[in-house]
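Participant: Build me a structure from this.
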Amino acid sequence: MNSPAIETEAELETLLSEPTAEVIETLSRLPGDIVLLGVAGKMGPTLARMARRASDASGTPRRVIGVSRFSAPGSQEELAAHGVETISCDLLNEAELARLPDAAHVIYLAGKKFGSTGDEATTWVMNAYLPALVAKRYRDSRIVAFSSGNIYGMVPASSAGSREEDPPRPVGEYAMSCLARERIFEAFSRSQQTPMALIRLNYACELRYGVIVDLAQKVQAGEPIDLGMGYLNTIWQGDANALTLRALEHTATPPTVINLTGPERLSVRAVAERLGELMNRPVRFIGTESDSALLNDARQGLERLGPPRVTADSLIERVAAWVSRGGTSLGKPTHFESRDGAF
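Facilitator: Residues are numbered from 1 along each chain as shown. Just a heads-up that it's a prediction; the model follows:
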């Protein structure tokens, strides 16, 4: 393997939150506090820590404030231990939202995906109603808001993927609600002149969750891999963190739309076979590759924000080593193989 194995969760989280020189330079040019709404999810903690580390490295005094309900034990204390201020808040409670501190920069991570099927109403409240509340509360801030590559729908599997200017064709209520989130933010960006960027993320991956982890766990367990969704994009979460912070410098009215994923179009079959080699496990497949897949073309975003540091090959190697030795899993599969938009 070319990539050194990551041995502990502490080492992993330090790596995921390590700012690039470009992130440090970006935050040095952008004075003012940063608030991260919905910080306690999969990506938020290391993103907040990167913002804190980059601010310290640039000598830029600012508060980095993570906001969430913090339902998981210890999550609030862990952030505080790394210099991130925390505020427990139900964002749907307008009185609590109003009491949050002002900030020059807001990163919006709140939303609902898994469990959407059967609880569609809550999904729409979180993904379409809450953005209106946040946009009004932080009308004088610059806002970077997470969206999803799911809003595009399927494209030919042989293509480079959907581009930012392609019309959305969401499949299923989750993807529809993500498009609603974008439209709500866009409407308030236009009416209030609030600068925004919409990040259409297509599968951030670290070692405890992500598409490559899903495949590695199936290889490890000897489970067959479904080839129906035969191609994918993904990006190392540390790179997704860095490029998200750089997007603060690319907000605009109306919002800048950015596809955020890796530059590679990956074959599920080839990735699984490579994992099998690295993990010394046989690989079994079921089905065949469909002629369409959920793919996003990241070229415009990477030209604007910079290239990722970790290649798909390195990510596969890191995941194989972690899963092979029983590294911790978050137990949150991506369900990337879903073709009907149900999550």
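
Participant: Thought residue 151 was touching residue 166, still the case?
Facilitator: No: look at residue 166 against residue 151 with CB atoms under 8 Å: they stay out of range, at 9.8 Å. Where C-beta positions appear, they are placed from N, C-alpha and C, glycine not excepted.

Participant: which of these two has more neighbours?
Facilitator: The residue with more neighbours, out of residue 166 and residue 151, is residue 151; 25 against 15, by other CB atoms under 10 Å.

Participant: Next, the contact list for the more buried one, please.
Facilitator: 168-170, 175, 178-179, 182, 200 (CB atoms under 8 Å, 6 or more residues apart in numbering).

Participant: Quick check: it is in a helix.
Facilitator: Yes: assessed with DSSP: H, G, I helix; E, B strand; the rest coil, residue 151 lies in a helix.

Participant: for the chain, what helix or strand is lowest in average pLDDT?
Facilitator: When each helix and strand of the chain is scored by mean pLDDT, DSSP states H and E, helix 120-124 comes last, with a mean of 91.

Participant: what's the longest helix belonging to the chain packed up against?
Facilitator: With secondary structure taken from DSSP state H, the chain has its longest helix at helix 172-192. Secondary-structure packing of helix 172-192 (3 or more CB pairs under 8 Å, 6 or more residues apart in numbering; DSSP states H and E): helix 120-124, helix 130-137, strand 142-148, strand 196-201.

Participant: Could you rerun that using 10 Å?
Facilitator: Where contact means 3 or more CB pairs under 10 Å, 6 or more residues apart in numbering; DSSP states H and E, helix 172-192 is packed against helix 120-124, helix 130-137, strand 142-148, strand 196-201, strand 256-260.

Participant: Let me know the distance separating residue 191 from residue 184.
Facilitator: Here the criterion is CB to CB, to the nearest Å. By it, residue 191 lies 11 Å from residue 184.

Participant: Would you map the helices across the stretch 1-150 of the chain?
Facilitator: Assigned by DSSP state H, counting those that start in this stretch, the stretch 1-150 of the chain shows helices spanning 9-16, 21-29, 44-58, 75-81, 94-99, 120-124, 130-137.

Participant: can you tell me which of the ones you listed comes nearest to residue 276?
Facilitator: The closest of the helices of the stretch 1-150 of the chain to residue 276 is helix 9-16. By CB to CB, the value is 23.2 Å.

Participant: Sort out which residues of stretch 321-328 are buried, please.
Facilitator: Buried residues in stretch 321-328, counted by 16 or more other CB atoms under 10 Å: 321-324, 327.
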